[in-house]
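Asks: below are the sequence and a predicted model; questions follow.
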Amino acid sequence: MLTDGVFSMDGDIVDLPAIVDIAHQYGALLAVDEAHSIGVLGDAGRGVEEYFGLKAGSIDIKIGNFKQSYSQYGGYVAADGQLIELIKHQGRSFIYSASLAPPLAAAALAASFDVIEQEGWRIRQLHKNSHYLKQALDDMGFNTLSTSTAIFPICCGNNETAWRMAKYCRDRRVLVRGIPSPVVPEGMARYAVLLQPIAQSAILITVWQC
């Protein structure tokens, strides 16, 4: 079974306890993409497993990247030794890929263990900023769906409206790129804002296009 920890288009959190129960019921391996949950969810930023208070090992394969929370390059797959060996020898995209440069790996480790895990105030500030931004956007009449994370989908309706709003923002030195259908359902075109814990001092940290 494969799921996201936080879904990047709507900002909602997976019902992980229910997914874990289903995986155990059918004897399935569970893989979770934590690109938008690692470094954000849980008291120590350890992701969706910690957020729900599940025991370590509830997720068989954890997949993530260093782009969002760690402001870095690269990614990772975490699992037990046998699974990692299988991926190393059977993952076609891995076999011919280059290893992460040592300085980038060191920066990602420092961001994870020395900053996010040891400086919990950054995560608390992130959630404070998220609450502030959602409240402000809602008060201004924007549709942010039911996001409960640091991802803010700002729904515009049709694709043309999304492009026009993105241009309006860019003309005012705010980098925004629209997310049109068919990436999202028809009539739900949007642009999205992502807040990051490493750069917690600003509200609009980065805006990305799926």
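Replies: Right, received. Where do you want to start? Here the structure is a predicted model, which is why all the values come from computation and not from measurement.
Asks: quick one: the helices in this protein, in order.
Replies: Assigned by DSSP state H, the helices in the chain fall at 16-26, 48-51, 81-90, 92-95, 102-109, 121-139, 159-171.
Asks: and of those helices, who's closest to residue 150?
Replies: Checking the helices of the chain against residue 150 by CB to CB gives helix 121-139 as the closest, at 4.9 Å. Backbone N, C-alpha and C define where each C-beta goes, glycine included.
Asks: returning to that earlier point: a markdown table for the helices of the chain, including mean neighbour count and mean pLDDT?
Replies: Formatted as a markdown table, the entries for the helices of the chain read as follows, by neighbours: other CB atoms under 10 Å; pLDDT from 0 to 100:
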| stretch | mean neighbour count | mean pLDDT |
| --- | --- | --- |
| helix 16-26 | 14 | 96 |
| helix 48-51 | 22 | 95 |
| helix 81-90 | 11 | 90 |
| helix 92-95 | 8 | 79 |
| helix 102-109 | 14 | 86 |
| helix 121-139 | 15 | 87 |
| helix 159-171 | 15 | 85 |
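Asks: how about the residue nearest the centre of the chain, phi and psi?
Replies: The residue lying closest to the centre of the chain (CA atoms, centre = their mean) is residue 36, at 1.0 Å. Main-chain torsions, residue 36, degrees, to the nearest 10: phi -110, psi 10.
Asks: beta partners of the residue lying closest to it once chain neighbours are set aside?
Replies: If the residues on either side of it in the chain are set aside, residue 36 comes closest to residue 6, at 3.9 Å by CB to CB, 6 or more residues apart in numbering. According to DSSP bridges, the partner residues bridging residue 6 are residue 13.
Asks: show me what contacts residue 6?
Replies: By CB atoms under 8 Å, 6 or more residues apart in numbering, the contact set of residue 6 is 12, 13, 14, 34, 35, 36, 37, 40, 41, 48, 149, 151.
Asks: number of residues surrounding the residue nearest to residue 23 when sequence neighbours are not counted?
Replies: What sits nearest to residue 23 in space, not counting adjacent residues and going by CB to CB, 6+ apart, is residue 30, at 4.2 Å. Burial of residue 30, expressed as a neighbour count using other CB atoms under 10 Å, amounts to 18.
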